[in-house]
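Undergrad: next comes the sequence, and after it the predicted model I'd like to discuss.
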Amino acid sequence: MQIAALLADNPYVLAPLAGYTDLAFRLLCREMGAALCFTEMISCHGLTYGQKNTLVLLKSNDRDRPLGVQLFGSDPKAMAQAASLISGEQADFIDINMGCPVRKVTRKGAGAALMKNLELAELIIRQVVAHSTLPVTVKFRSGWNSASINAPQFAQMAEKSGAAAVTVHARTWSQAFTGNADHQIIAQVTDSVSIPVIGNGDILSYRDGKQLLLDTGCTGVMIGRGTLGNPWVFSPQGRPETLSARLPVIQRHLELAEELLQVDKMLFRIKNHIGRYLSGLAGASRIRQEITRCATFADLKQYFQEIKNLTVNFDGLVKSRNMLKDG
C-alpha cells in the first residue's frame, strides 16, 4: 500500500493516542472522515511477552482499515521480534514511536529519547524493516530541545534506513504538549526527503489541516488531541454548536463502545471520552457531574437517551411555538 496514494484524496489521519484511540474511537473517526488510523502505542516487550493488556490494544476488525500499529521500545532485537508478530496481524503499516515525550518512556531510551541517539534509532528502524512484511513509518519530533532541532537529519536517516513515510510532531521533547508547534519544521522535513511526510501539531479543525498542507507541502495531516471530543475535525462542517446536534455522534460512540469494548471494565475511560464532547456547551459541568454519577455503562447510555428525549421534545416544542407565532 502506497501511503502517498492512500492520502491523495483524503489526507487526514488519526494519531495514536494512549488511553484514547481504541477500536471504538477509531471506527467513529473513520465514519467522520479519517482516512487512516493508528492503534495506541504498544510496548515491544509487552507484545513479545504476550501480556494480556498489551494484546488488547491490537484488537481490530475488517472495518478498521487501513490500520497502522504503533510500536515503541529501545531494544532493536525486541522491536524486530514485535514487528514480526505484527506482520501476522490485521494491519497495513507498522509505525515506530520516536517522539513520545513521557518520562516513563524516555527514561528507558525509547520515544523522543531516540532523537538524541541516531545510531540506535537507525538500528531499530533497519531491524523493524528487515523483520516486517508491512511498510514501516516513523513518528518523531522537531528535536530534543530548541538548541538541538534535528528533524530534517532524522528524517533523512529514517528514509535511508527503509522507512516508507515519516510523521513529524512539530514540537520538541522539552515542549511536550505546551507552546506552539513550529510548522516550518514540517516544511523543512518535506524538503529534505523524497518519502511522504505527515505533519502533526496544533491541528484543531479541518481548515487547519488544509492550511498545513498548503504551508508545508506535506502529504498528510495527523490529528491527535484535536480529535478528543471532536471527531468532527475530520469533516469540513466542523463540530456542531448545540448539544442536540452533537448527540447522534455521542450515542454512536456509546454504541461502538458497547459492541467492541469491555465497557464496564473501561467505564472511567469511556466517561472521560464522552465528557469531552460537551466542551463549550452551556450546562456542560452539570452534565459531566451526572456522567460521573453513572455507576454502570448501562446507566451512562440511559442517561444520554433521556437527554435525547428531552432535546427532541424541546426542539419540537420550540418548532410548534414558532409555527404558531408565524401563523
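TA: That came in fine, so what should we check first?
Undergrad: contacting residues around A82?
TA: 42, 44, 47-48, 71, 73 (Cβ atoms under 8 Å, 6 or more residues apart in numbering). Where C-beta positions appear, they are placed from N, C-alpha and C, glycine not excepted.
Undergrad: name the nearest residue to it, ignoring sequence neighbours.
TA: C44 (3.9 Å; Cβ to Cβ, 6 or more residues apart in numbering).
Undergrad: just F297 next, same as before
TA: Counting by Cβ to Cβ, 6+ apart, the residue nearest F297 is V263, at 3.9 Å.
Undergrad: correct me if wrong: that neighbour contacts D299.
TA: No. The pair V263 and D299 fails to qualify as a contact (Cβ atoms under 8 Å) at a distance of 11.1 Å.
Undergrad: which one's more surrounded, the two?
TA: V263 (19 against 13; other Cβ atoms under 10 Å).
Undergrad: quick one on the thing from earlier: which ones are touching the residue nearest to A82?
TA: C44 neighbours (Cβ under 8 Å, 6+ apart): 71-73, 75, 78-79, 81-82.
Undergrad: so how far is Q127 from it?
TA: C44 sits 11 Å away from Q127, going by Cβ to Cβ, to the nearest Å.
Undergrad: related to what we said a few turns ago, can you classify the residue nearest to F297 by secondary structure?
TA: Under DSSP: H, G, I helix; E, B strand; the rest coil, V263 falls in the coil class.
Undergrad: quick revisit: for the contacts of C44, which one is nearest T311?
TA: Ranked by distance to T311 (Cβ to Cβ), these are led by F72 at 42.3 Å.
Undergrad: run through the residues that contact the closest one.
TA: 41-44, 96-97, 100, 105, 110-111.
Undergrad: next: M79.
TA: Counting by Cβ under 8 Å, 6+ apart, M79 has contacts 44, 71, 73, 96, 124, 127-128.
Undergrad: and V129, by the same measure?
TA: V129 touches 136, 161-163, counting by Cβ under 8 Å, 6+ apart.
Undergrad: show me the helices in the stretch 1-150 of the chain, by range?
TA: In the stretch 1-150 of the chain, the helices defined using DSSP state H, counting those that start in this stretch lie at 3-6, 23-32, 44-48, 52-56, 76-86, 103-106, 118-130.
Undergrad: can I get the fifth one as CSV, trimmed to CA atoms?
TA: Output for helix 76-86, consisting of C-alpha atoms alone and laid out as CSV, is shown next (Å, rounded to 0.1, in the frame of the first residue of the first chain):
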residue,chain,number,x,y,z
PRO,A,76,16.4,-3.4,18.4
LYS,A,77,16.0,-7.2,18.8
ALA,A,78,12.8,-6.9,20.8
MET,A,79,11.5,-4.3,18.2
ALA,A,80,12.3,-6.7,15.4
GLN,A,81,10.6,-9.6,17.1
ALA,A,82,7.5,-7.5,17.8
ALA,A,83,7.5,-6.3,14.1
SER,A,84,7.5,-9.9,13.0
LEU,A,85,4.5,-10.7,15.3
ILE,A,86,2.5,-7.7,14.0
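Undergrad: hmm, back to that, show me the contacts of V129 that map onto strands.
TA: For the contacts of V129, the ones inside strands are V136, with DSSP state E as the criterion.
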